[in-house]
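1. below is the structure, and that's it, no one-letter string:
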């Protein structure tokens, strides 16, 4: 036998062995994604999720329980206090799946990580029977980049949601990055390898309540697979609350927040979503909006993403000062920014001026003004105003009609009170009324995105993040920001726009120790249809003209997004394309110098020649910028501690 024949024979034997080894492991799989990477295997009332023929995640319990309308409803905490584990839901049988129904997803967004979104999934239906006699359908969609499932119930008669028993089993030893739940989702994502409760708050109480998204490292390095999963949810509709996770050891149960709605007829839960694959698959996925309802806004011609000049970071109470507002309008003019945000307390304008004066000045300068409101359901006592103008439908209609009449382009609405059904319905009512009056919407002090940016494309951004505003509050952020900034692209920003308010070259109440290039790179690495620039006018106008022009031309809606490299909390290489131009943001999350491979940059060059601009750190505190126009794209970059870099690759020539 020749060497070539021997090699061919050995490859064939190896292939056959791998097939026969995989067959017993994969036996019983009855549902799979169109590309075959993701599959589902039923084991009694449990469902095991496979990725590339390896079991990676177990859904150890399923089902929801409805109660009579007059029954005492458990709170979220009481639901979570019930036993969590295998079979605790008491599902009598899980029958199915049905024959697969192919779903081809194709839609266009006005903003986000990708404007033209496509996906494919196979939908299967399982019948669940509970000891109570209730019957419900588990609708399972296996997409090419993850799974989404929900429960559908029929013929209900004056019921309310009692509890949900969906439980994910995350064994100890599994690396995970999870945020302890708060109603504003403003927290860190520390690395953990077990389900021990986290200590939170000034009293350092222990909490086993976790907010979405939750990132898991499910890699099987023994078999050479690097697999990650991101757990979240999508498509909150009328009569629904949002949910979170409570755990008891390795069992994490989905627990909906308070919902007092009495339900008759048909009802379903939101989609429970698990994005799966490599880190690039996670970051680039649009599965959250894929599962959301299509747009309810017919005419969207007035919806324009853009960069915003923002008062609050430097002047916490500046929006009641007409002269300070004028400074930020003038900054927008100088840097060619389309928007200015007039923040809280504009209803207390000093020196005889009013908000209408400020709005008129901005419009005269060709800048679109947006204004702030207190939602008046969260922080009210001692909080800034204006308050109680949006809660009642008739008041909201009158207020938004006034905004439209005087030329306000959008509203920032702040201080919500959690994930319950009341808050979820209120947010949808605000979006609907805002769309009717051609107002962009930015939610602050609010829950995370769950796909509403597709359904209501006037939702431009949501806070739900521990962002640069925290430099105003406590000294904690100074030392944690760089690593946190390298965590958010893999967690919070995956699921939707994130109003982090990036890019500050000077200091607020507490200093930042990230470099100038790191701060500039945040405007590319972080996606938000409204990108609020945090710094003061004097600081921006003191930067080199190249930096000012970069910010003035910065897109905030992207045709394409690619993760070219990175690891949670360590570093990020994020590429986003608008037309023929690629913007690449690179972050070092470490407190030490780091060399990062950038050979993937060459894939962004589409022609023989292109114009490249690089913004980097010089290492000189007196002159911190190194701006160059390299002929060749580098194979690696060396960044200082907490440093960064930006490449602009223009292929239009």
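-> Done, it's in. The model shown is predicted, which means the values in this text are computed figures rather than measured ones.
2. could you look up the SS state of residue 433?
-> helix (DSSP: H, G, I helix; E, B strand; the rest coil).
3. how about the residue nearest to residue 393 when sequence neighbours are not counted, phi and psi?
-> Excluding the flanking residues, the one nearest residue 393 by C-beta to C-beta, 6 or more residues apart in numbering is residue 429, at 7.2 Å. In this view, the C-beta of every residue, glycine as well, is placed from N, C-alpha and C. Main-chain dihedrals, residue 429, degrees, to the nearest 10: phi -60, psi -40.
4. which residue ranges of the chain form helices?
-> Applying DSSP state H to the chain gives helices spanning 3-26, 76-81, 279-284, 287-290, 322-335, 355-364, 393-406, 421-436, 452-455, 476-485, 516-525, 537-541, 545-553.
5. what comes up buried for the third one?
-> I take that to be helix 279-284. The neighbour-count check on helix 279-284 (16 or more other C-beta atoms under 10 Å) flags 279, 281, 282, 283, 284 as buried.
6. which one is residue 386 nearest to, not counting chain neighbours?
-> residue 347 (4.1 Å).
7. what's the pLDDT at the one you found?
-> Residue 347 is assigned a pLDDT of 98 by the prediction.
8. how close does it get to residue 272?
-> Plainly put, residue 347 is 41 Å away from residue 272 if you go by C-beta to C-beta, to the nearest Å.
9. out of the two, which sits in the more crowded spot?
-> Legend: neighbour count by other C-beta atoms under 10 Å for residue 347 and residue 272, higher for residue 272 (24 against 18).
10. residue 61 against residue 163, yeah?
-> No - at 11.1 Å, residue 61 and residue 163 do not qualify as touching, with contact defined as C-beta atoms under 8 Å.
11. looking at these two, which is more packed in?
-> Between residue 61 and residue 163, counted using other C-beta under 10 Å, residue 61 has the larger neighbour count: 25 against 21.
12. for the more buried one, list each beta-bridge partner.
-> residue 167 (DSSP bridges).
13. any idea how far residue 67 is from it?
-> Applying C-beta to C-beta to residue 61 and residue 67 gives a distance of 18 Å.
14. with adjacent residues omitted, what lies nearest to residue 611?
-> Distance criterion C-beta to C-beta, 6+ apart; nearest residue to residue 611, sequence neighbours excluded, is residue 650 at 4.2 Å.
15. distance of the one you found from residue 565?
-> Taking C-beta to C-beta, one finds residue 650 at 22 Å from residue 565.
16. between those two, which has more neighbouring residues?
-> residue 565 (19 against 14).
17. do I have it right that that one meets residue 594?
-> No - taking contacts as C-beta under 8 Å, residue 565 lies outside contact range of residue 594: 11.5 Å.
18. adding mean pLDDT, write the helices of the chain out as TSV.
-> Output for those, formatted as TSV (pLDDT from 0 to 100):
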stretch	mean pLDDT
helix 3-26	39
helix 76-81	53
helix 279-284	98
helix 287-290	98
helix 322-335	98
helix 355-364	98
helix 393-406	98
helix 421-436	98
helix 452-455	98
helix 476-485	98
helix 516-525	98
helix 537-541	98
helix 545-553	98
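19. please identify the deepest-packed of the ones you listed.
-> Comparing the helices of the chain by mean neighbour count (mean count of other C-beta atoms under 10 Å), helix 287-290 ranks first with a mean of 29.
20. need phi/psi at residue 131.
-> According to degrees, to the nearest 10, residue 131 has phi -60, psi -30.
21. pLDDT wise, what is it at?
-> 80.
22. my guess is it meets residue 92, correct?
-> Yes - contact criterion C-beta under 8 Å: residue 131 and residue 92 qualify, at 5.7 Å.
23. of these two, give the one with the bigger neighbour count.
-> More crowded of residue 131 and residue 92, by other C-beta under 10 Å: residue 92, with 15 against 9.
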